[in-house]
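In: Structure here, sequence nowhere to be found:
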DNA sequence: GTCTATATGTTGATAGAC
DNA sequence: GTCTATCAACATATAGAC
């Protein structure tokens, strides 16, 4: 049923992945059937299997892309040198950029439950990331730059819980106050919301 | 295959629900089959259908329980009278208590995607809750008690994103620093993590 | 690279005996 | 209240023509 004059989309694994991830995020990975993907792409189930081995491969491609981008943050110079508090700020802001730039992929990653081998691997890598950040928070506390009344591990989880929650509500279309997500998160996490009478 | 001497668990809808919610949270609602529930309960699929009409009914029972507890927070006197900032603090702390006390049910509620009519109803009620809280935040800003540099709606989302993230990591077994989740969340959200040289 | 047709297992749910 | 047996629909995935 090709339309004359309208060029048929040539599916690459990359483009197929983009469509699949959208549907996964809408319906959930388990709630999405290959038939759903067929409808969304405009080709049949069989044609999809020409590009990928399995439904799980699509998941693996998606979460590994998200993980690559997120771990790249930890390799940036600003995350590896300087005062712990400044490195932490950089990790938060750069992670926020990754979240926004790769929103569908990061969203899928953050919703992984652990049903398949792929999902368990993704969960393990996420824990690895959390451990690195928790170490950074602990160091900032030791440096006297962060309050020591909130336990480092708890602080880390609240900090990234706040940031990661953005996958549930961030709308890239709107160029509103949420434009710089990282700035907002860092401001709230470091200074808090409460207005102070005088001084900073 | 009943064991003599070991009293067979008498299943009530309530007890069945508790088991089902555990499995739903482990595998995801869509990733859980009635056969999975049969294994977890120790009775057959057919027996489960003696207690509930459908798999979706289990979901509905679970999320409505969570929603009831959460909306009850807004009806408490401390959430309805006094300064907006104090009402907000109470809503955060009371919501944290609900999250902890009803952890499996709240967890399931927060993971709903919208595939079924039940799920869409749950999402709509969650948005309703968010709107009430956002109004409270806006009022606290107007009162001059909250900083006006972070937009109220964004602040609300970050605040509850932080709190709700607890369903991903909170462990009731451990009576550690996370014992009072609400206190930790409120402290971080209001005062921030950064250590200040002098004064409060 | 896409299609039709199909294999093979699993799904949510029901019928009816005990 | 639980069971065995079964259903129709749908799942992932494959075979092979064009």
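Out: Here it is on my side, so go on. Keep in mind that this is a model prediction, so the values were computed, not measured. Residues are numbered from 1 along each chain as shown, chains lettered A, B, ... in the order given.
In: Would you tell me what the next helix or strand after the longest helix along chain A is?
Out: For chain A, the longest helix by residue count, based on DSSP state H, is helix A:117-142. As assigned by DSSP states H and E, the chain's next helix or strand after helix A:117-142 is helix A:152-164.
In: Give me the helices and strands touching the next helix-or-strand element following that next one, please.
Out: From helix A:152-164 onward toward the C-terminus, using DSSP H and E, the following helix or strand is helix A:181-191. Of the remaining helices and strands, those touching helix A:181-191 by 3 or more CB pairs under 8 Å, 6 or more residues apart in numbering or on different chains; DSSP states H and E are helix A:84-101, helix A:152-164, helix B:152-164. For glycine as for every other residue, the C-beta is placed from the backbone atoms N, C-alpha and C.
In: circling back: are the longest helix of chain A and DNA strand D in contact anywhere?
Out: No. No part of helix A:117-142 sits near DNA strand D under the criterion CB under 7 Å from any atom of the strand; the closest distance found is 11.2 Å.
In: Next, the buried residues of that helix.
Out: Within helix A:117-142, the residues that qualify as buried are A:118-119, A:121-122, A:125-126, A:129, A:133-134, A:136-141, counting by 16 or more other CB atoms under 10 Å in any protein chain shown.
In: wait, what's in contact with the residue nearest to the spatial centre of chain A?
Out: Compute the mean C-alpha point of chain A, and by CA atoms, centre = their mean the closest residue is residue A:106, 2.7 Å away. Counting by CB atoms under 8 Å, 6 or more residues apart in numbering or on different chains, residue A:106 makes contact with A:66, A:69-70, A:98-99, A:167.
In: follow-up on the earlier one: for the buried residues of helix A:117-142, which one is nearest DNA strand D?
Out: residue A:118 (11.2 Å; CB to the nearest atom of the strand).
In: Relative to DNA strand D, how far out is residue A:44?
Out: Separation of residue A:44 from DNA strand D (CB to the nearest atom of the strand, to the nearest Å): 8 Å.
In: can you check residue A:71 too?
Out: Residue A:71 is 27 Å from DNA strand D, by CB to the nearest atom of the strand.
In: surely that residue meets residue A:129?
Out: Yes. Residue A:71 is in contact with residue A:129 according to CB atoms under 8 Å; the separation is 6.7 Å.
In: ok so, going back, return the member of the contacts of residue A:106 nearest to chain B.
Out: residue A:167 (9.4 Å; CB to the nearest CB).
In: Quick one, grab the pLDDT at the closest one.
Out: pLDDT, residue A:167: 98.
In: What strand or helix carries the residue lying closest to it once chain neighbours are set aside?
Out: Leaving out its chain neighbours, the residue that sits closest to residue A:167 by CB to CB, 6 or more residues apart in numbering or on different chains is residue A:107, at 4.1 Å. Using DSSP H and E, residue A:107 sits within helix A:103-110.
In: Report the angle between that helix and helix A:84-101.
Out: Angle of helix A:103-110 versus helix A:84-101, following axes from the mean of the first three to the mean of the last three CA atoms, to 10 degrees, is 110 degrees.
In: Could you confirm residue A:46 falls within a helix?
Out: Yes. Read with DSSP: H, G, I helix; E, B strand; the rest coil, residue A:46 is one of the residues of a helix.
In: Report pLDDT for residue A:112.
Out: In the prediction, the pLDDT value recorded for residue A:112 is 97.
In: which parts of stretch A:140-158 are buried?
Out: A:140-141, A:145-147, A:150-158.
In: again with stretch A:87-106
Out: When burial is assessed from 16+ other CB under 10 Å, stretch A:87-106 yields the following buried residues: A:87-96, A:98-100, A:102-106.
In: excluding its backbone neighbours, what's nearest residue A:81?
Out: residue A:87 (7.4 Å).
In: can you list the residues of chain A near DNA strand D?
Out: Residues of chain A lying near DNA strand D (CB under 7 Å from any atom of the strand): A:32-36, A:45-46, A:49, A:53-56.
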